[in-house]
Structures are given as C-alpha cells and as structure tokens.
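# coordinates only, sequence not included:
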C-alpha cells in the first residue's frame with residue numbers, strides 16, 4: 001500500500017469524546033492507531049468529518065516523508081481467505097452464473113459478496 005486511498009477505508013478505530021472544559025463544549029476525535037491524528041468539532045458529526053479530513057492529511061504527510069503507516073489493530077490477522085460450505089444447488093447456480101459471465105467462480109463469489 002502506498003496511496004492514501006489504500007488506507008482511508010480500512011477499519012481504523014475512531015474515538016470521539018465529548019469534552020466540556022475551559023474552552024467550552026466540543027467533541028475531540030482521534031484515530032487510535034495513528035499517533036497524533038486528531039481533530040475537534042462542535043458536534044459529533046462535525047468531529048467525525050474533521051477527523052476523516054485530518055486522517056487523509058496525516059496519511060499523505062507520512063507517506064510523502066517515507067514513513068510506514070500503521071494498519072488497524074488486528075488487521076494483519078486476516079488473510080483474505082475463508083472456507084464456506086454451501087448447498088450443492090447453490091454451488092451449481094453460482095458456478096453456472098460465473099460461467100455465463102465468463103469469470104471464475106471465485107471472482108463471481110467475490111462480486112456477489114461485495115454487493
């Protein structure tokens with residue numbers, strides 16, 4: 001991964017907390033895995049939007065400087081492969097549909113799962 005787009009939709013842990021201090025009431029947001037990636041907002045929604053913007057800038061800056069971007073906690077534990085048992089009739093149907101589309105069963109199943 002070497003582009004902001006590769007990271008931005010990964011399942012990072014967003015932390016948004018209401019704060020009431022000498023500055024007033026606001027929401028403080030940060031990304032757990034991205035040290036120093038933080039923002040604020042007057043509402044929860046604004047803090048969420050602002051932390052997404054801050055995350056893009058944080059990742060872009062780190063990539064430009066040649067730093068490694070931490071992956072979400074636990075993300076490396078997933079290989080992208082799993083086995084599932086399905087009825088023969090569904091296996092037949094999916095195989096037939098994949099053949100009709102001119103793609104492998106694996107590609108077709110991935111397409112169906114991503115919808």
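Sure thing, it's come through. Computed from a predicted model, the values in this text were never measured in an experiment.

# C-alpha only now, for contacts and for neighbours.
OK.

# am I right that residue 47 is in a helix?
Yes - judged by DSSP: H, G, I helix; E, B strand; the rest coil, residue 47 forms part of a helix.

# ok, and the closest non-adjacent residue to it?
Among residues not flanking residue 47 along the chain, residue 41 sits closest, at 4.0 Å (CA to CA, 6 or more residues apart in numbering).

# quick one: least confident helix or strand in this structure?
helix 105-114 (a mean of 88; mean pLDDT, DSSP states H and E).

# the residue nearest to residue 47 and residue 53 touch, don't they?
No - using CA atoms under 8 Å, residue 41 makes no contact with residue 53, being 12.0 Å away.

# who has more neighbours out of the two?
Taking other CA atoms under 10 Å, residue 41 and residue 53 do not tie; residue 41 has more neighbours (19 against 15).

# got the phi and psi for the residue in the chain sticking out farthest from the centre?
Most distant from the centre of the chain: residue 22, at 34.5 Å, with distances by CA atoms, centre = their mean. When read as degrees, to the nearest 10, the backbone of residue 22 gives phi -60, psi -20.
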